[in-house]
Structure formats: structure tokens, C-alpha cells
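Enquirer: Coordinates only, no sequence provided:
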């Protein structure tokens, strides 16, 4: 099937590569000439497993990058809108890019000269957006019988987005006509029939994948609400376990034991029950605000979402208090920071709690030496002024970051951090102090390895043998 993807951001690029993997012919549209040229050369602008290989395999063949939006729409049967929907001044989504694209899509529908098309909103949008897109298309000259508007929200996790797309828990399709439903069933047929997974060259599904995935058909309004409600609920789970971790600290309990008992309940499960320094990224904060704004606009009191936000913000403050308690004073201290991305497996630093914490440490007079496996190029841009002033440095690896530092702070849950040589790390530090904001390490092991170790919701640990403390250089 011929598919157009309008927007080559995170969602659009992953969708383009994956639809090509499913043997569709894809036209990926963007108005950024520099970005298009880089994509045409085979460069991948985001850190995402399997995506560089997909772009390399299919560019110029099943996957073509173009700036001709009208031509792409005219040549396609299904058009996915994947442009940005950033938060507006009042917290709701800014849909100006969606509106602008809808007007241009109308021209492409007319240019298609009667070929029926399904226009699909894949960006995260508030309820009623499909109706507005339909209205804009009609007002812009697209004959109503030539198109339908559908909603097909994405549920991609950064770092595992390709696997999430190709091996999803579910595929949600919001449609208001059987004709549109048929088109979208055909788009996803390689997944829902299981045909893709029988291919010898298929990307291997995770062990817990639901294969084939179910396709859930709803109205457009229900699909729009499913996306925002899903992210709001996941944010709630993160804030809930963080609040539980705080109670564990206050009572002397261990959050790892508590969440093991919680997660063993089939009604609850273990996912998103890991305490830390709070959620971040481009989705949870924005979608929570957007969902709250939709509720307020329609007279629904959803104060639970306010509490989710409050707990998340407080978690960063609690972590900073732990750092102060571990070091007594911060001005003049040299701090090694492991992790700058908002989560492991990605280079995304948008709304990253790690970036926020690092900024606060700098503001309080500490110097920072940071390491992240993927996010340092983006972090350098954020901290350009501080780097020029010598307040922050970027290390080539975790051991270099730790060299001569007064403490090491773990801010992102990269898997490679759990595999670090703790003896080498301890020897690199001036003082064997670690404040672990992601509970990467077991406290008992850290005590055995000679660390003064503090984490989230678990008892602190101290060395079990006498230590040799390095002299300040």
C-alpha cells in the first residue's frame, strides 16, 4: 500500500521505517531541507535501536524522503499526520501545525482527483481533533466523499520504539466509517495476521510480546482519549511508586520488597513500578497537562492529575536533599553525574529530570563532570554557557567522570551502568560516595564494595571495611 507520513520527527521517522519494513511504499514528508538531505544520505538523527538499519535498507526504495506534501498525499492511499503538538501557554496541546498540515493535505486530496484517502492523526492530540481536521479539509476544498479522518495513536517507548511498533501490545484504530476501517486493517495486516513474524528477516519480538497483536477498533474520540489516558495512568504509576518509596524511607521498609509484593498481584503487575527521580521525556509531562486541560474544558474535576505532577516535581527535590545530606555542603564540590537522557536507551533530553538535577547542582555552586552513552551532544547545547565557564565537563566514560569526584550520582537507568566495575569506580572517586537516583545497584553489594550508598526508598549502606580516602589534589 502507498502511505504518506507527514513529519519526520521521532514518531514519523519510526513509523516510516517500520511501514517500509512491513512492505508498504512510504513517502516521508518534511519541510526541513537540511534534515531531508541528511536522511537521504542515510543518516539517522535519533538514537533508536534498529532504526538506522531500517533507514539504510529501505531509503530510495520503499522509503523516499520528500518536501512535496501535496504530491505525496495525491500519490498515497493513507496519510499519517505525525507533526509536533507541543504544549500551549495554558497547558493544552498547540495544534497549529496540525491545522496547517491539514490545509495542505486538502490540496493533495484535490490533486488526487477523486482517489479515496484516509487521513490519520498519529500525533498525540486531544479529543475532537479528528472532527476539526475533517472540517479544515472540507473548508479547504477537499470533497467530503474523497476522504475519511481516523485516529491511530502511537504507544512507542523511546529506546525500544521499533520493537514497540512492530510488536505492540495492541493497535488502536479510531474510525467512523467501515471504508476507513478496511484501509487501516490492510495497513496493519502484516502484524495482525502474524505474517510479518513468520518472515526469516523479521526483527525478533521480545519474549513477552503478544503475537499477533490485537487490533482494537473504536470511534475517533475514544482513540484520542485512549492515548492521553494511557500516558496519564503510566505517569500516575510512576508517581505512586515514588510516593510509596518515600513512605518506605520514613518507616524503614524496603521499596524493592514492597514493589515485589505489589507486582506479584496479577491485577497490578510489575511494569512502571520502579522508583527514581521522576518521569520526564516528551510524552508524559505534555500528555498529562493535555489530559488535564481536556478534562477542565469539559467540566470534569481531575485533581488526581495535579497530585501526580506534584509528586513528580517533589521527587527531584528529595533527590537533591539526599545529595546535600551525603556531602553536607555543595559549593566547590566536584560531582560525577552518570546519565543525562530522561531514560536509558535514548538520547532524548526533553523534560529530563537528569538535566534538571544537573542544572540545580550547578546553580548551587557544585561543578559537574557528566557522562551519558548517547545524550551528551544534546546536553552540550543545553549547558553551553556553563561549559564555557568551566562549571560542567563531559567525560568519555563513567570512570573518567568519577576521577577525583567527591561523589557519584546516577541519574539515568542505562543498562551499561549496572555492569560497571565497582572497584575501579571506587578507586577513581576521591570519596566513595554514591547517590543512586535510579536504584541501579543492590545496597548490600555496594556496602561490600566499599561505598557510602544512598538510593530511593531503600536503607542506606556503608562500607563493611576500613577505607583509604584519597587526598585532595
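Expert: Received it, and whenever you're ready, just let me know what you need. Predicted, not measured: the structure shown is a model, and the values here were computed from it.

Enquirer: Going by neighbour count, list what's buried in the lowest-mean-pLDDT helix or strand in the chain.
Expert: The helix or strand of the chain with the poorest confidence is helix 284-297; it has a mean of 90 (mean pLDDT, DSSP states H and E). Judged by neighbour count (16 or more other C-beta atoms under 10 Å), helix 284-297 contains these buried residues: 284-295. C-beta coordinates here come from the backbone N, C-alpha and C atoms, glycine included.

Enquirer: Quickly name whichever of those is closest to residue 37.
Expert: Nearest to residue 37, judged by C-beta to C-beta, of the buried residues of helix 284-297 is residue 286 at 29.2 Å.

Enquirer: Tally up the residues packed near the closest residue to residue 162 other than its chain neighbours, please.
Expert: The shortest distance from residue 162 to any non-neighbouring residue, by C-beta to C-beta, 6 or more residues apart in numbering, is to residue 50 (4.1 Å). When neighbours are counted by other C-beta atoms under 10 Å, residue 50 registers 19.

Enquirer: Show the model's pLDDT score for residue 50.
Expert: For residue 50, the pLDDT comes out at 96.

Enquirer: I'd like the next helix or strand past the least confident helix or strand of the chain.
Expert: The helix or strand immediately downstream of helix 284-297 is helix 304-327, counting by DSSP states H and E.

Enquirer: Now do that next one: everything it contacts.
Expert: By C-beta atoms under 8 Å, 6 or more residues apart in numbering, the residues outside helix 304-327 that reach it are 232, 235-236, 238-240, 242-243, 246, 276-279, 288-289, 291-292, 295, 330, 333, 335, 353, 356-357, 360-361, 406-407, 409, 433, 435, 437, 452, 454, 456.

Enquirer: Now do it against helix 284-297: the angle between them, please.
Expert: Here the directions of helix 304-327 and helix 284-297 differ by 150 degrees (axes from the mean of the first three to the mean of the last three C-alpha atoms, to 10 degrees).

Enquirer: Now stretch 380-400: average pLDDT?
Expert: Mean pLDDT, computed over stretch 380-400, is 97.

Enquirer: Ignore what I typed, I meant stretch 245-258.
Expert: pLDDT averaged over stretch 245-258 gives 96.

Enquirer: A strand includes residue 453, no?
Expert: Yes - under DSSP: H, G, I helix; E, B strand; the rest coil, residue 453 sits within a strand.

Enquirer: on that earlier part again, Serialize the buried residues of helix 284-297 to CSV and add fields for distance to residue 387.
Expert: Output for these, formatted as CSV (distance: C-beta to C-beta, whole Å):
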residue, distance to residue 387
284, 28
285, 26
286, 28
287, 32
288, 32
289, 31
290, 34
291, 37
292, 36
293, 36
294, 40
295, 41
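
Enquirer: Show me which of those is closest to residue 144.
Expert: Proximity of those to residue 144 (C-beta to C-beta) peaks at residue 294, which lies at 26.5 Å.

Enquirer: my guess is the closest one contacts residue 129, does it?
Expert: No - applying C-beta atoms under 8 Å, one finds residue 294 not in contact with residue 129, separated by 10.4 Å.

Enquirer: Residue 136 - how many residues pack around it?
Expert: 19.

Enquirer: How many residues are close by residue 301?
Expert: Residue 301 has 7 neighbouring residues, counting by other C-beta under 10 Å.

Enquirer: tell me the SS of the most centrally placed residue in the chain?
Expert: Central residue of the chain (C-alpha atoms, centre = their mean): residue 158, 4.1 Å from the mean position. Following three-state DSSP, we place residue 158 in the coil state.

Enquirer: can you count the residues close to the closest residue to it other than its chain neighbours?
Expert: With C-beta to C-beta, 6+ apart as the criterion, residue 158 has its nearest non-adjacent residue at 3.9 Å, and that residue is residue 346. Per other C-beta under 10 Å, the neighbour tally for residue 346 reads 26.

Enquirer: Isn't residue 346 up against residue 14?
Expert: No - applying C-beta under 8 Å as the test, residue 346 and residue 14 come out as separate, 11.8 Å apart.

Enquirer: any residues in contact with both of the two?
Expert: Shared contacts of residue 346 and residue 14, counting by C-beta under 8 Å, 6+ apart, come down to residue 48.

Enquirer: tell me what the top helix by length along the chain is packed against?
Expert: The helix that spans the most residues within the chain, counting by DSSP state H, is helix 220-251. Helix 220-251 sits against helix 129-139, strand 147-151, strand 171-174, helix 255-263, helix 284-297, helix 304-327, with contacts defined as 3 or more C-beta pairs under 8 Å, 6 or more residues apart in numbering; DSSP states H and E.
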